[in-house]
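Participant: my questions concern the predicted model and sequence given below.
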Amino acid sequence: MSVETAIARPPQTALLSDLSVTARDHLKAIWTASEWSAGKVTSSSLACRLDVAPSTVSTTLRRLAERGLVSHKRYGSVTLTDLGTATALSIVRRQRLLETFLVRELGYGWHEVHDDAVALAHTASDRVIDHIDARLGYPTRDPHGDPIPDADGVLPPLELTPLASCSAGDRGVISRIDDSDPAMLEYFDQVHLTLDQVVTVGVTRPCAGTMSVSTGTGGADIVLGDVAACSIWITRTDRP
Ligand SMILES: [Zn+2]
């Protein structure tokens, strides 16, 4: 192999074409779970997250462990090996680039992209993904603000604060919105909350599980319930 070829593609990922769709889904789910929470990933939490039978998870984890992609002790937590992490990042990169492509180039709504992006991520060649990356100008985040790993699996740094943890008067720019529930994304469209919107927290009512936010555009304050507030992360800015 020439030096040029070795540099062109990071060598530390498993060949995606050697992995079943189920195996890829498991790798991505393990990585994504640890992206959002520091809690342990277990077989049962994976079964719940992927909506599959526990026996499917056990079989898949055993196969992934045999290939050196995960480390899993019976009844223990599931972790990705270095090879597993790099492979999961390449899967995440594909999906997030495709989400960006579908929204920017094909006019999809941000609540519509998930299923098609997942399907395309499983079938698109590396060459197509690299061309999409270049066509989009090497984006570092997808339409929901999720960071896109670069071709070497490096994630851009993020320093975000959950909106739900903010107090009255706190101000920031919406930088990431949980994309797991399309209905929630549609709701945010309806109330005009989107990425890069500046918001200031108004009244918080922990007893009722609500907080109001203003967008400074002259409209009425938007009252968000706990579930909605927990779906938004902001980049804190100075108080006005
Ligand atoms: Zn996304």
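Facilitator: Yep, that arrived.

Participant: which residues touch the residue at minimal distance from the centre of the chain?
Facilitator: In the chain, the residue lying closest to the centroid (Cα atoms, centre = their mean) is D146, at 4.8 Å. When contacts are counted by Cβ atoms under 8 Å, 6 or more residues apart in numbering, D146 is found next to R96, E99, R176, D179. Backbone N, C-alpha and C define where each C-beta goes, glycine included.

Participant: need the nearest residue in space to the first one, chain neighbours excluded.
Facilitator: To tie it back to what came earlier, the one meant is R96. Excluding the flanking residues, the one nearest R96 by Cβ to Cβ, 6 or more residues apart in numbering is D142, at 4.0 Å.

Participant: need the residues of the chain near the ion, please.
Facilitator: E99, D142, H144, D146, D179 (Cβ under 5 Å from the ion).

Participant: which one of those sits closest to S37?
Facilitator: Set against S37, the nearest of the residues of the chain next to the ion by Cβ to Cβ is D146 (14.9 Å).

Participant: look up how far V128 lies from S37.
Facilitator: 32 Å (Cβ to Cβ, to the nearest Å).

Participant: does the residue nearest to R96 touch I148 like I think?
Facilitator: Yes: between D142 and I148 there is a contact under Cβ atoms under 8 Å: 5.9 Å.

Participant: which residues do those two both contact?
Facilitator: R96, L97, T100.

Participant: stretch 190-210 - what's its average pLDDT?
Facilitator: On average, the pLDDT along stretch 190-210 is 93.

Participant: any buried residues in it, and which?
Facilitator: L193, L195, Q197, V198, V199, T200, V201, T204 (16 or more other Cβ atoms under 10 Å).

Participant: identify the farthest-apart pair in these.
Facilitator: L195 and T204 (22.7 Å).

Participant: ok so, going back, would CSV of the buried residues of stretch 190-210 with secondary structure and distance to L27 be doable?
Facilitator: Shown next, in CSV, are the buried residues of stretch 190-210 (DSSP: H, G, I helix; E, B strand; the rest coil; distance: Cβ to Cβ, whole Å):
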residue, secondary structure, distance to L27
L193, coil, 32
L195, coil, 27
Q197, coil, 33
V198, strand, 36
V199, strand, 34
T200, strand, 39
V201, strand, 37
T204, strand, 38
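
Participant: closest one to W31 out of those, please.
Facilitator: Nearest to W31 among these is L195, at 22.3 Å by Cβ to Cβ.

Participant: show me what contacts the closest residue to the closest one other than its chain neighbours?
Facilitator: Spatially, and ignoring its direct neighbours in sequence, L195 is nearest to G145 (5.3 Å; Cβ to Cβ, 6+ apart). Applying Cβ under 8 Å, 6+ apart to G145 gives the contacts I174, S175, R176, I177, L195, W233.
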